[in-house]
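Colleague: what's the 3D shape of this:
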Amino acid sequence: MNVQGTGYENVQRNLTLLTDFYELTMANGYLANGYRDTIAYFDMFFRKVPNEGGFAIMAGVQQLVEYVRNLSFTKEDLDYLRSTGIFNEAFLEYLRTFRFVCDIWCVPEGMPIFPGEPIVTVRGPVIQAQLIETMLLLSINHQSLIATKANRIVRAAEGRAVMEFGSRRAQGPDGAVYGARAAYIGGCVGTACTICDREYQIPALGTMAHSWVQLFESELDAFRAYAREYPSACMLLVDTYNVLKSGVPNAIRIFNEEILPRGFRPAGIRIDSGDITYLSKKARKMLDEAGFPDCKICASNSLDEYIIRDMLMQGAKVDSFGVGERLITASPEPVFGGVYKLAAVENASGEVIPKIKISENVSKITTPCFKGLWRLFDRDTGKAIADVLTLHGEVIDDTKPYEIFDPEHIWKRKTVTNFKAVELREKIFENGECLAKERPLKEIREYCAQQVDTLWDEVTRFENPHQYYVDLSPALWEVKNRLLQENNRSSGEKSV
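Modeller: Sure, this is the predicted structure:
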């Protein structure tokens with residue numbers, strides 16, 4: 001787990017009350033009703049992959065870790081809560097001496113994740129497990145959304161570099177900073193957000209805006225001034241006036257007059273408007289004929305995975321992409337629907353009692369119990385076959401054939417052989433103590449690419465991806481089915 005103590009994380013901001021108000025009213029009520037020490041198990045999971053995709057990317061764990069590590073109630077927090085007139089003094093005293101003592105299990109950042117999986121599980125006193133719900137969901141939902149979108153865009157670029165250019169369109173400062181972090185995990189090579197280079201060592205990238213070109217007496221003067229200042233990294237923005245009639249010709253002239261004499265080669269040109277596919281083809285031909293086949297062409301301007309894919313299918317001669325608003329806001333589906341639900345409680349003797357939420361909407365029926373999460377990999381191909389939710393402590397023996405089945409359509413079954421079973425989650429807190437080990441962000445980015453590569457192409461395609469199997473072990477399915485049947489009988493409905 002990445003727990004880098006960056007400056008941005010350690011800015012002195014008291015985020016303890018960044019929580020839904022009902023978390024506090026419930027906690028007050030739990031204490032008043034004798035549930036102070038009741039141990040509860042909560043799962044975070046999501047129900048649907050954004051943009052109808054086949055998988056999502058786990059991100060945001062570092063911010064969750066930092067929040068939990070710094071969780072405490074200040075005098076100002078307590079004064080505010082007292083001023084509401086809602087909370088009793090016993091609860092305020094509980095908060096005054098608050099110490100987080102929960103256990104947390106979590107899927108590592110960069111791992112592909114699928115609907116219905118317990119990507120985070122919190123075990124501990126129900127008051128504490130409930131209190132962290134909002135920030136837990138905020139951290140994981142936001143960055144998983146952006147990392148997932150970034151990974152789609154990176155895959156559409158087919159090996160060409162993608163740069164995150166969205167700071168100015170992000171939803172506030174944290175949206176820009178943490179969005180850039182998530183985009184880097186998802187596969188972007190760098191960001192326009194300077195603070196992210198300082199704090200996360202994400203390469204800061206950028207050259208000039210149209211205002212630079214407009215400020216000078218002529219486009220040629222603007223290019224010449226820039227080339228003299230930055231000869232070793234000269235990328236010129238060529239669409240301020242006319243890409244093919246002035247922008248590219250002036251760039252070629254400056255490359256010959258200012259860059260080559262100084263012993264450098266031009267870094268490239270950027271096109272930010274117009275029919276970029278057409279313009280890139282023409283520009284490539286002009287650059288090649290001028291003796292600059294190594295001069296790169298960068299494209300920007302409201303790009304996303306679909307536009308990039310279509311541009312490349314149409315033969316665009318683009319070497320890299322700068323993607324802004326549609327990445328940093330995950331347009332057109334800017335919501336990652338992670339939820340946090342009670343899965344079990346412990347009784348006075350320590351027995352774990354499963355809890356289930358039932359709905360007429362089948363997708364909203366939860367999976368009860370304290371669970372494990374496994375991924376089965378084919379030993380020959382290295383590809384992921386399926387994920388399996390088990391009872392906690394249940395082990396999948398990969399030395400023997402293992403039958404998986406669709407938990408909603410149980411007649412759909414498959415026996416898996418020659419596979420490796422890997423438990424996906426790591427314990428990052430034990431009794432409130434942080435166990436998470438530091439991982440450089442670059443390592444998480446590489447890990448993400450490796451893990452996405454274990455998915456079949458049918459799962460990673462944009463349109464109508466194959467539904468990846470997320471199954472229940474027979475033992476877990478039996479518990480869930482039993483609770484459903486008991487609910488049917490208790491509500492007077494006919495069992496099915």
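
Colleague: helices and strands of this protein: which one bottoms out on pLDDT?
Modeller: Here the helix or strand of the chain ranked lowest by mean pLDDT, DSSP states H and E is helix 474-490, holding a mean of 92.

Colleague: That one: how far from the chain's middle?
Modeller: 33 Å (Cα atoms, centre = their mean, to the nearest Å).

Colleague: Over to stretch 370-381?
Modeller: In terms of Cα atoms, centre = their mean, the centre of stretch 370-381 is found 21 Å from the chain centre.

Colleague: which other residues reach it?
Modeller: Counting by Cβ atoms under 8 Å, 6 or more residues apart in numbering, stretch 370-381 makes contact with 41, 43, 107, 117-119, 121, 123, 343-344, 352, 383-394, 396, 398, 402, 404, 416, 418-425, 454, 476, all of which sit outside it. Every C-beta, even on glycine, is put in place using the N, C-alpha and C of the backbone.

Colleague: average pLDDT for that stretch?
Modeller: Averaging pLDDT along stretch 370-381 gives 98.

Colleague: now do stretch 192-209
Modeller: Here the average pLDDT along stretch 192-209 is 95.

Colleague: ok, the residue nearest the centre of the chain - contacts?
Modeller: Among the residues of the chain, the one closest to the centroid is residue 144, at 1.9 Å (Cα atoms, centre = their mean). For residue 144, the contact set (Cβ under 8 Å, 6+ apart) comprises 46, 56-60, 113, 182, 336, 338.

Colleague: and with 7 Å instead?
Modeller: By Cβ atoms under 7 Å, 6 or more residues apart in numbering, the contact set of residue 144 is 56-60, 336.

Colleague: Out of these, the closest to residue 295 would be?
Modeller: Using Cβ to Cβ, residue 57 comes nearest to residue 295 of the contacts of residue 144, at 33.2 Å.

Colleague: Now that we're looking at the residue lying closest to the closest one once chain neighbours are set aside, what pLDDT does it have?
Modeller: Excluding the flanking residues, the one nearest residue 57 by Cβ to Cβ, 6 or more residues apart in numbering is residue 147, at 4.0 Å. For residue 147, the model assigns a pLDDT of 98.

Colleague: quick one: the strands in the stretch 1-150 of the chain?
Modeller: 39-46, 56-57, 103-106, 112-113, 120-125 (DSSP state E, counting those that start in this stretch).

Colleague: Looking at the contacts of residue 144, state which has the most neighbours.
Modeller: Neighbour counts for the contacts of residue 144 (other Cβ atoms under 10 Å) peak at residue 59, which has 34 neighbours.

Colleague: Now do that residue against residue 455, distance only.
Modeller: Here the criterion is Cβ to Cβ, to the nearest Å. By it, residue 59 lies 17 Å from residue 455.

Colleague: Could you do residue 153 as well?
Modeller: 17 Å.

Colleague: what do you get for residue 234?
Modeller: 39 Å.

Colleague: what about the two, which has more around it?
Modeller: More crowded of residue 234 and residue 455, by other Cβ under 10 Å: residue 234, with 25 against 17.

Colleague: Quick check: chain neighbours aside, which residue is closest to the more buried one?
Modeller: Take residue 234 and drop its neighbours on the chain: the residue closest to it by Cβ to Cβ, 6+ apart is residue 227, 4.9 Å away.

Colleague: can I assume that neighbour sits in a helix?
Modeller: Yes: counting by DSSP: H, G, I helix; E, B strand; the rest coil, residue 227 is located in a helix.
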